[in-house]
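# Predicted model and sequence follow; I will ask about them next.
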Amino acid sequence: MYCTICPRNCNIDREKHVGFCKMSNEVKVALADLFFYEEPIISGTQGSGAIFFSGCNMRCVFCQNQKISAECNGKNITVRRLADIMRELTDKGAHNINLVSPTQFSTQIVEALEIYRPPIPVIYNTNGYETVENIARLKDYVDVYLTDLKYVDTHYSTKFSMTPNYFEIASKAIIEMVNQKPEIILKDGIIQSGVIIRHLVLPTCIKDSFAVADRIKAYFGNKVLVSFMSQYTPCNDLSHFPEIDRKLKPIEYKAVIAHLEKIGLTNGFIQYADSSDTCFIPDFNNKNV
């Protein structure tokens with residue numbers, strides 16, 4: 001089978017070669033554990049059952065998960081083992097199953113969910129660079145879409161993520177997500193269904209953050225929750241990208257929050273300044289894999 005799962009449309013046989021995502025057809029996972037650093041309605045008090053997949057269909061130069069997204073650390077597992085991991089996280093009391101960077105393994109995830117469907121919400125935690133067709137296939141398997149909307153400006157998406165058509169593609173995929181899950185449903189403070197759109201504010205790029213907010217407001221109004229994050233931490237070699245080779249200035253983040261308030265996009269989450277720290281990056285040590 002030739003891979004057309006993501007918008008890269010590599011059209012190669014992943015049994016024999018790896019695609020842009022650097023992954024074969026064999027599922028690769030770097031960490032499976034209770035995770036407490038998501039939005040409060042995801043982590044709750046008992047933690048989110050996070051499964052961190054290796055590989056990625058984008059090339060963000062600032063990626064905090066570089067060890068698994070680009071260096072592809074992790075352990076190869078079977079689909080049945082993936083189903084067992086979901087069961088084990090459920091048994092540990094996780095509020096949800098949180099599939100982190102799952103795009104390249106969407107087919108195998110569906111197979112695993114056919115083996116074991118958790119009695120808790122399944123969260124699809126994606127960078128947003130998805131095909132509408134792939135999101136449509138997930139309709140009966142995913143309860144919550146936790147998606148990035150990284151950029152509007154093609155200049156930034158090309159320069160920082162090697163993805164020139166990012167907004168064009170991601171916006172269509174997110175429309176499909178919202179069409180599937182048009183209402184935010186909470187139970188005891190934990191999200192059960194709906195769409196959360198995340199945006200990481202980058203240094204010197206706040207006008208694009210304004211544009212992201214404007215598009216979310218225009219497209220979705222209050223149908224979605226938003227999470228505008230200040231946690232940007234330069235932890236890779238960014239010597240060729242000096243404009244983002246520093247932490248976000250408080251005045252930059254305050255300007256973005258002021259814009260959210262100005263346009264009435266206040267249904268969601270913001271972060272404290274101390275969120276920008278490498279201590280929040282997981283240790284990808286194959287734990288529980």
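On my side now, so go ahead. What you see is a predicted model, and the numbers here were worked out from it, not measured in a lab.

# What are the boundaries of the helices in the stretch 51-200 of the chain?
With DSSP state H, counting those that start in this stretch, the ranges of helices along the stretch 51-200 of the chain come out as 66-69, 79-91, 106-115, 132-137, 154-161, 166-180.

# so which of these gets nearest residue 247?
Closest to residue 247 of the helices of the stretch 51-200 of the chain is helix 154-161 (CB to CB; 15.9 Å). Placement of C-beta: from N, CA and C, glycine included.

# looking at the helices of the stretch 51-200 of the chain, which is buried most?
Mean neighbour count (mean count of other CB atoms under 10 Å) peaks for helix 66-69 among the helices of the stretch 51-200 of the chain, with a mean of 21.

# could you give the mean pLDDT of that one?
In this model, helix 66-69 has an average pLDDT of 94.

# now stretch 102-117
The model assigns stretch 102-117 a mean pLDDT of 98.

# Run through who's touching it.
Contact with stretch 102-117 is made by 5-6, 19, 21, 23, 25, 27-28, 51, 53, 55-57, 79-80, 82-84, 86-87, 99, 122, 124-127, 129-130, 134, 137-138, 141, as judged by CB atoms under 8 Å, 6 or more residues apart in numbering.

# nearest spatial neighbour of residue 229, skipping sequence neighbours?
In space, and not counting its chain neighbours, residue 229 is closest to residue 200: 4.9 Å by CB to CB, 6 or more residues apart in numbering.

# List the contacts of the one you found.
Residue 200 sits next to 148, 150, 229, 231, 232 when contact means CB under 8 Å, 6+ apart.

# Hmm, the last one is touching residue 201, no?
Yes: between residue 232 and residue 201 a contact is recorded at 6.6 Å, counting by CB atoms under 8 Å.

# residues bridging contact with the two, i.e. touching both?
Residues touching both residue 232 and residue 201 (CB under 8 Å, 6+ apart): residue 248.

# just to revisit the earlier point, most neighbours out of the contacts of residue 200, which is it?
Counting neighbours by other CB atoms under 10 Å, the top entry in those is residue 150, with 24 neighbours.

# Alright, that wraps it up for me.
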